[in-house]
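J.: This is a predicted model, with the sequence first.
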Amino acid sequence: MNVSNNCSVSNLEIHWQVRLIEFSLYILIFFFGALFNALALWVFFCKIKKWTETRVYAINLVFADCFVICTLPFMAYLLWNKSTRDELCQFIEAMYFINMVVSIYIISFISIDRYIAIKHPLKARTFRSPSKAALLCGLLWLSVIIGAALQLRQRHAALCFQKDTTASATLNLLSIFFVFTLPLAILTFCSTEVIRNLKRRLNTNSPEKKLIQKALYIIYANLIVFLICFLPAYLGVLARFIMESIGATCFLIQVMKNFSSVTRCIATSNCCLDSVCYYFVTKEFHEALLLPKSSTEKIDQIHSLQTHT
């Protein structure tokens, strides 16, 4: 990195106000995330009986979110105390990064699955099934665990959750591309195409107009939540990489370091917002939570359109 000679990136201190915000947000996210995801697990395993592609993806997403949430008390403690990268830190780092990446990609898989189901319904039977969704999730977990293990073992940062200043520019760019750029592009493209397709159906006075409208609400909600959570973190990481590469002033690099710390908290809040979307937006989730078992037939009737979102 072509960092300014006036400072060392590894020695830049995060302002104590930012550290306090980090600590407070992680504790809040832990509390609400544990509550919402416990509710989500109960509904998916106890209330919704039919196995679908969406249920497979959603359960994997909830598990990834739960694992991230379990790391947050340790993460808050390690960051607040500026701990060194001992064995506990390396384990928490691995748990956090693995499950955050899995969470991001499962959201992308859901958008691809929705795109195929709505945009190409004739091909959907060939490409979509609960077993294929489970296989895809399994491959995702395996590849992310292997990739993260290899990368984290090569980290040489002094403090826990500190950026590795010894990593090459190529490696940093690849990480930014696969963790942020690719999933963001997939979700944006698939969501945009599905929205266009559903809006065309609305203009034809389809008898499923209400279901289509609700499906649109779900797609908009998922896309907005993803952008709010991950776009600031993506822009922060990218801006910090550019500043360090061109040799920006120590002040600007420190500002971006503080900004990146806050946006990481915002990205982590996705673990809560995923579950909020399940409850407040997804009709199937809401009805499974509130209605008696005799209503499951009605849920199955709307499932073909609603759960693709």
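T.: Yep, it's here.

J.: C-alpha only now, for contacts and for neighbours.
T.: Noted.

J.: what residue lies at the spatial centre of the protein?
T.: Ile104 (3.5 Å; Cα atoms, centre = their mean).

J.: packing partners for the top helix by length along the chain?
T.: Counting residues, the longest helix found in the chain (DSSP state H) is helix 209-246. With contacts defined as 3 or more Cα pairs under 8 Å, 6 or more residues apart in numbering; DSSP states H and E, helix 209-246 has these neighbours: helix 169-176, helix 182-202, helix 250-268, helix 270-280, helix 296-306.

J.: Output the ones you listed in TSV; the columns should cover mean neighbour count, mean pLDDT and distance to Ile228.
T.: TSV is the format used below for the helices and strands packed on helix 209-246 (neighbours: other Cα atoms under 10 Å; pLDDT from 0 to 100; distance: least, Cα to Cα, whole Å):
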stretch	mean neighbour count	mean pLDDT	distance to Ile228
helix 169-176	13	81	17
helix 182-202	17	88	12
helix 250-268	20	87	8
helix 270-280	21	73	9
helix 296-306	15	42	23
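
J.: Of all these, which one is nearest Ile110?
T.: helix 182-202 (8.7 Å; Cα to Cα).

J.: Quick one: end-to-end distance for stretch 169-187.
T.: Taking Cα to Cα, to the nearest Å, stretch 169-187 runs 26 Å from one end to the other.

J.: Pull the contacting residues for Glu107.
T.: Heads up, residue 107 is Ile, not Glu. Leu61, Leu187 (Cα atoms under 8 Å, 6 or more residues apart in numbering).

J.: separation between it and Lys209?
T.: The value you get for Ile107 to Lys209, if Cα to Cα is used, is 25 Å.

J.: can you check Asn99 too?
T.: For Asn99 relative to Lys209 (Cα to Cα), the value is 37 Å.

J.: related to what we said a few turns ago, mind checking what secondary structure the residue nearest to the centre of the chain has?
T.: At Ile104, secondary structure determined by DSSP: H, G, I helix; E, B strand; the rest coil is helix.

J.: Nearest spatial neighbour of it, chain-adjacent residues omitted?
T.: Pro183 (6.9 Å; Cα to Cα, 6 or more residues apart in numbering).

J.: what's the answer for Cys160, then?
T.: Closest to Cys160 by Cα to Cα, 6+ apart is Arg85, at 4.8 Å.

J.: is it true that Glu244 touches Gln254?
T.: No - Glu244 lies out of contact with Gln254 (Cα atoms under 8 Å); the separation is 10.3 Å.

J.: pLDDT weak spots in the stretch 1-150 of the chain?
T.: Within the stretch 1-150 of the chain, the ranges that satisfy pLDDT under 70 run 1-12.
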